[in-house]
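Asks: Kindly generate the corresponding structure for this input.
(one chain, ligands or ions: 2)
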Amino acid sequence: MQIHDLEKIFEEKIEREIKIESKDWMPDAYRKTNVRQISQHAHSEIVGMLPEGNWISRAPSLKRKVILIAKVQDEAGHGLYLYSAAETLGTSREQMIEDLLSGKAKYSSIFNYPTLTWADMGAVGWLVDGAAILNQVMLCRTSYGPYARAMVRICKEESFHQRQGFESLLVLSKGTPEQKAMCQDAINRWWWPSLMMFGPKDAESTNSDQSMKWKIKRKTNDELRQQFVNMAVEQVKLLGMTLPDPDLKFNEVTSQYDFGEIHWDEFWAVVKGNGPCNKQRLEARNKAHEEGKWVREAALAYAKKQQARISVKVA
Ligand SMILES: [Fe+2]
Ligand SMILES: [Fe+2]
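Replies: Residues are numbered from 1 along each chain as shown. Ligands and ions are numbered 1, 2, ... in the order given. Just a heads-up that it's a prediction; the model follows:
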């Protein structure tokens, strides 16, 4: 078949909402974009375990500890589904992990911020998982089949993450003056970085157009960010707290909330590796990888033994 015909079949599938599967022909750039996006997403899930993992031993009650452990484990699972989905595109897991550990691959910048108090566990669940969900709900309909299917399960777990975060803040918001202040402080610190999670403005987003055409993305960065603001403005009222933005105002014409300017200098600084915890996060991942080496080796040795046993039986 001519490349032109293959392209036509591919375009038609996209047009007719038929998922692209790993064995299907696809343009190189489509494959590359998906590998980049899915692996970045996987890395974000794995690095995202670090700021919360910090608080497992300091959770204020057994119940909170159980919830937090479950959440952090869910994130590990998300990472694993996503690495598997990326592997279907012909890239190896070793390569992806190596790129993460060397600092070559990106992950969501939000995880380069520190978690300073227990209230941060609530704010991360509510705002960070909340922002992630909007992106991920859209990705349940992404055009690459394995990615879309992984997202369906991930989304169910993410909505639990968000609710537990909000509920945890709700408890603090009804607590002592110190607890209330801690809750507000966490919201203040996580609000702007959460808005940055949707990425640069549409006008400056280099990959957006093509990703929209290929239905990898279905909504633009600005659309998703606006949706998030509209949602958070209503929810923060239930907490009796405020969002740290004096420019936040309902716009009668658009029926949306207008909001202040994001500090893009800070955004780019963190993306480029100069956020508050970039170095720390990569060091922690490298250390864990090094310390887990014997486990990987033992698992491989065991798998080989099992394989040898099966081949003896077959013979
Ligand atoms: Fe997740
Ligand atoms: Fe999550």
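Asks: packing partners for the helix or strand harbouring residue 191?
Replies: Assigned by DSSP states H and E, residue 191 belongs to helix 177-196. With contacts taken as 3 or more C-beta pairs under 8 Å, 6 or more residues apart in numbering; DSSP states H and E, helix 177-196 sits against helix 119-123, helix 129-139, helix 145-173, helix 221-239, helix 264-269. Every C-beta, even on glycine, is put in place using the N, C-alpha and C of the backbone.
Asks: The closest residue to residue 141 other than its chain neighbours: neighbour count?
Replies: Take residue 141 and drop its neighbours on the chain: the residue closest to it by C-beta to C-beta, 6 or more residues apart in numbering is residue 218, 5.9 Å away. The local packing of residue 218 (other C-beta atoms under 10 Å) involves 16 other residues.
Asks: Run through the residues that contact the residue in the chain positioned nearest to ligand 2.
Replies: With C-beta to the ion, the shortest gap between the chain and ligand 2 falls at residue 161, namely 3.7 Å. Residues in contact with residue 161, defined by C-beta atoms under 8 Å, 6 or more residues apart in numbering, are 71, 74, 125, 129.
Asks: Please list the members of the residues you listed that lie in strands.
Replies: Among these, the subset assigned to strands under DSSP state E is empty.
Asks: Which two of these have the greatest separation?
Replies: 74 and 125 (11.3 Å; C-beta to C-beta).
Asks: Of those two, which one has the most company?
Replies: Legend: neighbour count by other C-beta under 10 Å for residue 74 and residue 125, higher for residue 125 (25 against 20).
Asks: Name the nearest residue to the more buried one, sequence neighbours excluded.
Replies: Sequence neighbours aside, residue 165 is the residue nearest to residue 125 in space, at 1.7 Å (criterion: C-beta to C-beta, 6+ apart).
Asks: Please look at that neighbour and residue 129 and confirm they touch.
Replies: Yes - taking contact to mean C-beta atoms under 8 Å, the distance of 6.2 Å between residue 165 and residue 129 places them in contact.
Asks: Quick check: neighbours shared by these two?
Replies: With contacts taken as C-beta under 8 Å, 6+ apart, residue 165 and residue 129 have no neighbour in common.
Asks: On the pLDDT front, check the residue of the stretch 51-200 of the chain found nearest ligand 1 for me.
Replies: Nearest residue of the stretch 51-200 of the chain to ligand 1 (C-beta to the ion) works out as residue 78 at 3.8 Å. Residue 78 is assigned 97 on the pLDDT scale.
Asks: okay, the angle between the host helix or strand of it and helix 129-139?
Replies: Using DSSP H and E, the element containing residue 78 is helix 62-87. Relative orientation of helix 62-87 versus helix 129-139 (axes from the mean of the first three to the mean of the last three C-alpha atoms, to 10 degrees): 30 degrees.
Asks: Now helix 62-87: buried residues?
Replies: 64, 67-68, 71-72, 74-75, 78-79, 81-83, 85-87 (16 or more other C-beta atoms under 10 Å).
Asks: Packing partners of that helix?
Replies: Counting by 3+ C-beta pairs under 8 Å, 6+ apart, the packing neighbours recorded for helix 62-87 are helix 28-47, helix 49-53, helix 93-102, helix 145-173.
Asks: That helix: how far from the chain's middle?
Replies: Offset of helix 62-87 from its chain centre (C-alpha atoms, centre = their mean, to the nearest Å): 11 Å.
Asks: got the angle for it vs helix 28-47?
Replies: With the same axes, to 10 degrees defining the directions, helix 62-87 sits at 160 degrees from helix 28-47.
Asks: For stretch 160-179, output the C-alpha coordinates as CSV.
Replies: Once non-C-alpha atoms are left out, stretch 160-179 reads as follows in CSV (Å, rounded to 0.1, in the frame of the first residue of the first chain):
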residue,chain,number,x,y,z
PHE,A,160,-11.9,9.5,44.8
HIS,A,161,-8.6,11.4,45.2
GLN,A,162,-10.3,14.7,44.7
ARG,A,163,-13.1,14.0,47.0
GLN,A,164,-10.9,12.7,49.8
GLY,A,165,-8.8,15.9,49.5
PHE,A,166,-11.9,18.2,49.6
GLU,A,167,-13.3,16.3,52.6
SER,A,168,-10.1,16.6,54.4
LEU,A,169,-10.1,20.4,53.9
LEU,A,170,-13.7,20.5,54.9
VAL,A,171,-12.8,19.0,58.3
LEU,A,172,-10.0,21.5,58.8
SER,A,173,-12.2,24.4,57.7
LYS,A,174,-14.5,23.6,60.6
GLY,A,175,-11.7,23.2,63.1
THR,A,176,-9.7,25.4,65.4
PRO,A,177,-8.5,28.9,64.2
GLU,A,178,-5.1,27.3,63.6
GLN,A,179,-6.6,24.6,61.4
